[in-house]
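Trainee: only the shape, not the letters, is given here:
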């Protein structure tokens, strides 16, 4: 279906059983559409106050749409801030053909991985600060990082730093499997796909208490959770993972993959379909 204009108008799209907004602007676009376009739903991947005028964004969460959220914290936000207790949790999944666990040992050189993002809430500066603290205790620490943006000049990377700019999809799981610990330093994260993909590849994850990762990291079991912005606590938990004896690390590696096994795209697709069928039947469509 070609996108003829922005905003998309009702005449541009076929009649449907359901229309799903996927971003706050599109929620405003579809709110006045007729019943010919079916049930209105809102796929919420983040509390998107960073994405535009805050009041305009907030208004979309008050619309009488069926809300579909990808993480527990978003379900909580919809209930507590927008008085909607009926948001449906449909978590992101893992492509198990691409990201799969294979029993492995720690790297011969202690190796930490992370995703680099240029926006402030991705926490790059705090991550680099934490890594420098770790390197005081483990000078040989190697850092493997990838991202879709060039490094900003003000984001001075730590020593022994390898950066992969826009790696191919087949390279990404190989990078996860080259690390002993994955770092997720965000201040707020809708879900945090690199964290769960790394875990699926058997990599323990150290993450901030930033929302989404709290659904797939059990503190002390398959990784560790620390307060947002606390570089010292982040460093301490990274050191804990990197200095584990071989058997303890292998146990946490297996735990990482096993704990996220229930996150599956087929299961999430089935959940989505069942929710939409239920809502359509409830409304008599």
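Mentor: Received the coordinates, thanks. Because the structure is a prediction, the values reported are computed rather than measured. Numbering: from 1, shown residues only.

Trainee: so which residues of the stretch 51-200 of the chain form strands?
Mentor: 66-69, 88-89, 111-116, 142-147, 161-165, 181-184 (DSSP state E, counting those that start in this stretch).

Trainee: which of those strands sits closest to residue 224?
Mentor: In terms of Cβ to Cβ, the element of the strands of the stretch 51-200 of the chain nearest to residue 224 is strand 181-184, at 9.2 Å. (Glycine included, C-beta is placed from N, CA and C.)

Trainee: that closest one packs against which elements?
Mentor: In terms of contacts (3 or more Cβ pairs under 8 Å, 6 or more residues apart in numbering; DSSP states H and E), strand 181-184 is packed against strand 111-116, helix 124-137, helix 193-200, strand 205-208, helix 231-242.

Trainee: could those go into CSV alongside mean pLDDT and mean neighbour count?
Mentor: Converted to CSV, the helices and strands packed on strand 181-184 look like this (pLDDT from 0 to 100; neighbours: other Cβ atoms under 10 Å):
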stretch, mean pLDDT, mean neighbour count
strand 111-116, 98, 24
helix 124-137, 97, 20
helix 193-200, 98, 26
strand 205-208, 98, 28
helix 231-242, 98, 21
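
Trainee: and those: which comes nearest residue 215?
Mentor: Taking the helices and strands packed on strand 181-184 one by one with Cβ to Cβ, helix 193-200 is closest: 8.5 Å.

Trainee: outside of that closest one, which residues touch it?
Mentor: Contacting residues not belonging to helix 193-200 are listed as 92, 94, 96, 99-101, 113-115, 172-173, 176, 179, 182, 184, 205, 207, 212-213, 216-217, 222-223, 256-257, 259-260, 263 [Cβ atoms under 8 Å, 6 or more residues apart in numbering].

Trainee: ok now that helix, how far from the chain's centre?
Mentor: Offset of helix 193-200 from its chain centre (Cα atoms, centre = their mean, to the nearest Å): 8 Å.

Trainee: try stretch 63-72
Mentor: Using Cα atoms, centre = their mean, the offset of stretch 63-72 from its chain centre is 17 Å.

Trainee: I figured residue 121 hits residue 188, correct?
Mentor: Yes: using Cβ atoms under 8 Å, residue 121 makes contact with residue 188 at a distance of 5.3 Å.

Trainee: which non-adjacent residue is nearest residue 253?
Mentor: residue 202 (4.2 Å; Cβ to Cβ, 6 or more residues apart in numbering).

Trainee: quick one: end-to-end distance for stretch 101-109.
Mentor: This stretch, stretch 101-109, spans 20 Å end to end (Cα to Cα, to the nearest Å).

Trainee: do stretch 93-104 as well
Mentor: With Cα to Cα as the measure, stretch 93-104 spans 23 Å from end to end.

Trainee: sweet, I'm off.
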